[in-house]
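this one's structure only:
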DNA sequence: CGTGATTACGTTTATCGTAATTATA
DNA sequence: TATAATTACGATAAACGTAATCACG
């Protein structure tokens, strides 16, 4: 049994049983992959892939278990390599962050500024995507640390760590009637067209209205807070965004009203691949972002069976 | 990185940093091991072993982590091989049981009779040893399943499963005065010389006396129940053995008195290496032994983080 | 017939073992 | 000086890539 063979098997399984694709992805020849897989099957005495003639059409039941094991082994091997880099490379290396728009635009800049100052030799890459994409990138090892408010919890191969709680707030154009209301209520909000993110809808914003028998007028569903602010500025309606996405210094044409009493609070979370080895600068990045997440807290969660760390 | 290299590193670490010994154990040459380790260190960019000139004198801090990872990988690889055999070999294979004397002599015979009838092609090996040896054999992969009443719990790499509870009983030669006592007490027992196992002493037998301010007269400390029964038959004293070690059909010269009310009950436990892949016949063996331990219960414990299954 | 896996075969690379060398206790 | 790791080197074997072949849709 060779690590190479396990790599081949795992890659073929990942590429929908297409040996040619797998070979290309692994920068090697198709016959090589084919042969090594056969050798492994021979050694283990088990056919891993169901074949119809010469074509791969499925995974046998023992094959499934073998692929799982192979992936565990490969992850561990990956960890060893990282471990090497950690001790050899010192303060240089690469860090790929997978984050949502709002995090990248509002929450992360000060963190990243501090990080690049501390670790100038680390190549920092920011990958922006939906929570689903972020989870996928983490699972595939294409990103090291994910940041998102939702969508990371339903993946058993990931662990999540709470960074901080935040609330929604309502942004209002200057001179709008809503500014005269002393304490905002849902029924008042329902009177005006609203501009929200699709994420906010998923997070139960619409449900909050409906619990009081109200139906909000959603004028526009945007993907990010910047778009929302733009349209609020144009007078299309009231915006609902995360409180930390309002910048009093820059957003002078609009006002921000507290809405903590109207909607449930949300928690920004970090996502990591379970059991992964983290380099020192990764632990430090996490602690820059969430000071309560020291190395020990993160390690405990990474190793821990199921339960995620609670805020 | 090659599996072979990881094997070499792990073996050298296990053999007190002696490359020559490791090479011999791996049936290969010393220079080969030496070279592969150096290659791995080169690839990872980390020195794993501290050297004084040409001699290995210690393990570096990153080396420790690498060896740990290597061992995890090797265990997983071992699992894949077993997985292959399971599906290829069908009902044949090998099963190494590591057990204490009392288990081998009294608890296991009916189980093993049933097992060999069901799996005649499985090569069954019985290794008898102390609880400490059993734990060690399991950890090293030299035995598949361990059975013991004590000594398996303090090993983090093992999981244990409860098989059944049992009590101590007192065996008495025919015509002995103790037979006339209606209900045995510790103070009565303290009047006669006792013959016990060293295991029973560890399990708190002596402590039970001392809690009542009594000091038992230990005439003889034996290693197994057969020896105890022999000397009880010779009239050297009363014996204290596990209840299931008394065989009314065979042990006609001695009597057995219930002592469940005098000493704490004990629990026979199975020991397994954490996370190991078990073959079908191993699951079946376990269930022959402890019907409540079906495949699911065992799997849950094997994967489970820390907690052992409770009876 | 085109896509895609296997077989055949020559090249290259890496592994292994013996022997010689060097360093330590 | 004995023990133990490294270096050198030749023999062996494994992996790789190209080209040809074969099977399925």
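Thanks, I have it. Fair warning: this is a prediction, and the values are worked out from it, not measured in the lab.

And residue A:117, how far from residue A:111?
Separation of residue A:117 from residue A:111 (Cβ to Cβ, to the nearest Å): 11 Å. For the C-beta atoms, the positions are set from N, CA and C on the backbone; glycine is no exception.

swap that for residue A:34, please
Using Cβ to Cβ, we find residue A:34 at a distance of 47 Å from residue A:111.

next one: residue A:128
Distance of residue A:128 to residue A:111, given as Cβ to Cβ: 15 Å.

just residue A:144 next, same as before
To residue A:111, residue A:144 is 15 Å away according to Cβ to Cβ.

Between those two, which is the more surrounded one?
residue A:144 (22 against 18; other Cβ atoms under 10 Å in any protein chain shown).

which residues does the more buried one contact?
With contact set as Cβ atoms under 8 Å, 6 or more residues apart in numbering or on different chains, residue A:144 has these partners: A:95, A:96, A:97, A:138, A:272, A:276, A:278, A:282.

Need the nearest residue in space to the fourth one, chain neighbours excluded.
What it means is residue A:138. Distances taken as Cβ to Cβ, 6 or more residues apart in numbering or on different chains place residue A:146 nearest to residue A:138, at 4.8 Å, with adjacent residues excluded.

List the strands paired with the helix or strand where the one you found lies, with their directions.
Residue A:146 belongs to strand A:145-148 when assigned by DSSP states H and E. Here strand A:145-148 has these sheet partners by DSSP bridges: strand A:93-99 (parallel), strand A:266-273 (antiparallel).

how about the contacts of residue A:144 in JSON lines, adding pLDDT, distance to residue A:257 and neighbour count?
Below are the contacts of residue A:144 laid out as JSON lines (pLDDT from 0 to 100; distance: Cβ to Cβ, whole Å; neighbours: other Cβ atoms under 10 Å in any protein chain shown):
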{"residue": "A:95", "pLDDT": "93", "distance to residue A:257": "37", "neighbour count": "19"}
{"residue": "A:96", "pLDDT": "93", "distance to residue A:257": "37", "neighbour count": "17"}
{"residue": "A:97", "pLDDT": "94", "distance to residue A:257": "31", "neighbour count": "25"}
{"residue": "A:138", "pLDDT": "94", "distance to residue A:257": "35", "neighbour count": "26"}
{"residue": "A:272", "pLDDT": "95", "distance to residue A:257": "36", "neighbour count": "22"}
{"residue": "A:276", "pLDDT": "91", "distance to residue A:257": "41", "neighbour count": "20"}
{"residue": "A:278", "pLDDT": "92", "distance to residue A:257": "40", "neighbour count": "22"}
{"residue": "A:282", "pLDDT": "95", "distance to residue A:257": "38", "neighbour count": "22"}
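
Can you say which two of those residues are spatially most distant?
A:97 and A:276 (14.4 Å; Cβ to Cβ).

what's the burial count for residue A:77?
With neighbours defined by other Cβ under 10 Å, the count for residue A:77 comes to 21.

follow-up on the earlier one: from the contacts of residue A:144, which single one is nearest residue B:76?
Lowest distance from residue B:76 to these (Cβ to Cβ) belongs to residue A:276, with 16.0 Å.

and chain A, which of its residues are near chain B?
Proximity of chain A to chain B, by Cβ under 8 Å from any Cβ of the partner chain, involves residues A:1-3, A:43-46, A:61-62, A:65-66, A:69-70, A:72-73, A:76-77, A:79-81, A:83-89, A:277, A:304-306.

Which of these are buried? Put it as a PyMOL command.
Per 16 or more other Cβ atoms under 10 Å in any protein chain shown, the buried members of the residues of chain A next to chain B correspond to this PyMOL selection:
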select buried, chain A and resi 1+3+44+46+62+65+66+69+70+72+73+76+77+79+80+83+84+85+86+87+89+277
